[in-house]
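Engineer: Sequence and predicted structure below; questions after.
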Amino acid sequence: MAMTSIEDRPAPSPGPAAAASGTAGIRPRGVLGKLPRYAAGKPPVVVEGLESFKLSSNENPLPPLPAVLAAIASETAINRYPDPMTTALRTELAGYLGVPATDIVTGAGSLGALNQILATFAGQNDFDAPDEVIYAWRSFEAYPISVGLAGATGVQVPVREDGTHDLDAMVAAITDRTRVIMLCTPNNPTGPILTRDDVVRFLTGVPPHVVVVIDEAYQEFVRRPDAVDGIALYREHANVIVLRTFSKAHGLAGLRVGYSVSQPALTEHLRVSAVPFAVSQVAEHAAVTSLRHIEEVEARVQSIVDERDRVVEGLRDLGWRVPEAEGNFVWLALGEHTQDFAAKAAERALSVRAFGSEGVRVSIGEGAANTRFLELCGEYTHRP
């Protein structure tokens with residue numbers, strides 16, 4: 001039977017809607033149909049007689065500092081493009097972190113900075129199989145989306161029962177196609193940190209050409225003394241990139257300010273893929289101002305940590321088994337009862353983040369919200 005060329009095949013007839021809109025034959029990349037959809041935390045429902053609280057997005061319940069709000073209000077040159085190098089912010093960060101400003105690459109939140117890393121080091125190469133990116137699962141739900149859009153293949157390594165990374169299994173998953181490994185500490189949504197000793201040992205099993213991303217979006221909330229410090233490790237390992245953000249501790253989630261820190265051999269390539277003007281002048285001014293008032297930021301963070309500890313202690317007093325919590329959230333491994341618990345929370349004007357039939361992540365919010373959450377847990381019978 002003779003082969004039919006693409007040119008010989010009749011074109012499919014467009015539907016009326018497609019023909020009318022002029023989109024006949026337009027198709028997205030095939031990968032889009034294979035990717036999960038990012039599900040942002042939903043706002044709480046309105047319940048008469050109750051104040052509503054959003055505990056679904058790991059947001060800082062406190063507004064930015066007064067000085068930061070004043071800095072935002074003072075920005076009037078919005079008709080001008082921002083500094084593409086975010087010089088003022090990188091200079092301020094360099095002094096705060098004790099690193100060269102040239103080692104810092106900013107992005108639109110830590111996710112924007114991560115997308116720049118993946119665009120630089122992992123994807124679909126000419127005539128070759130896609131690169132592989134290894135990460136723990138469950139972890140940050142944007143990981144599989146970002147990896148897939150970069151053209152790479154995601155390799156998910158299940159977390160242990162206690163919500164921690166299985167670093168030995170992650171090393172065992174490395175192949176010749178592995179280009180990037182992502183470590184999330186504290187792990188979102190399960191909560192535990194990675195220790196310095198464990199990560200140092202892990203790095204001895206990673207080939208030097210594989211980039212290791214240490215995602216520390218919640219680093220400011222960590223209180224364990226043996227927790228890994230990505231900034232310390234990047235100084236010692238040329239293949240380590242650290243991710244951090246102003247969204248959580250600094251309360252600037254709506255302004256999208258994040259950054260990566262790595263040695264010059266990596267930043268020289270990251271700057272090529274960096275999105276121009278990703279950080280606006282408003283966002284840069286706010287972040288710089290927040291860093292210059294870091295003691296006030298730290299005091300606010302400690303108030304959230306105190307509430308987190310109260311919530312964890314309260315849950316355990318109720319007989320709930322919860323993983324270590326080192327971010328600004330707690331994880332409830334509710335399994336088949338996940339959606340039921342989220343619905344019960346909604347009835348109390350609390351929005352929480354339900355993950356299928358795996359569990360519920362609850363952000364630490366205002367004191368009244370946390371107390372109402374504990375009251376719900378005290379009455380709920382299907383406890384982890």
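Structural biologist: All right, it came through fine. Residues are numbered from 1 along each chain as shown.
Engineer: OK, contacts around Gly191?
Structural biologist: Neighbouring residues of Gly191 by C-beta atoms under 8 Å, 6 or more residues apart in numbering: Gly163, Val322, Pro323, Glu324, Ala325, Glu326, Gly327, Phe329, Val330, Trp331. (C-beta placed from N, C-alpha, C; glycine too.)
Engineer: what's the neighbour count on the residue lying closest to it once chain neighbours are set aside?
Structural biologist: Excluding its sequence neighbours, the residue lying closest to Gly191 (C-beta to C-beta, 6 or more residues apart in numbering) is Ala325, at 4.3 Å. Ala325: 24 surrounding residues under other C-beta atoms under 10 Å.
Engineer: Which pLDDT does the model give Ala325?
Structural biologist: At Ala325, the pLDDT value in this model is 98.
Engineer: Which secondary structure state does it sit in?
Structural biologist: Put simply, Ala325 is coil when judged by DSSP: H, G, I helix; E, B strand; the rest coil.
Engineer: Just list the residues touching it, thanks.
Structural biologist: Ala325 makes contact with Pro186, Gly191, Arg308, Val311, Val312, Trp331, according to C-beta under 8 Å, 6+ apart.
Engineer: how close does it get to Asp126?
Structural biologist: Relative to Asp126, Ala325 is positioned 45 Å away (C-beta to C-beta, to the nearest Å).
Engineer: quick check, distance from the strand or helix carrying Met170 to the centre of its chain.
Structural biologist: Using DSSP states H and E, Met170 maps to helix 167-172. Put simply, helix 167-172 sits 21 Å off its chain's centre (C-alpha atoms, centre = their mean, to the nearest Å).
Engineer: May I see the buried residues of it?
Structural biologist: By neighbour count with 16 or more other C-beta atoms under 10 Å, helix 167-172 contains the buried residues Leu167, Met170, Val171.
Engineer: Gly230 touches Val242, doesn't it?
Structural biologist: Yes: counting by C-beta atoms under 8 Å, Val242 is a contact partner of Gly230 at 3.6 Å.
Engineer: which residues do the two both contact?
Structural biologist: Taking C-beta under 8 Å, 6+ apart as the contact rule, Gly230 and Val242 both touch Ile214, Glu216, Val261.
Engineer: Please tabulate these in TSV, including the columns neighbour count, secondary structure and pLDDT.
Structural biologist: What follows is the shared contacts of Gly230 and Val242, written out as TSV (neighbours: other C-beta atoms under 10 Å; DSSP: H, G, I helix; E, B strand; the rest coil; pLDDT from 0 to 100):
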residue	neighbour count	secondary structure	pLDDT
Ile214	26	strand	98
Glu216	25	coil	98
Val261	26	strand	98
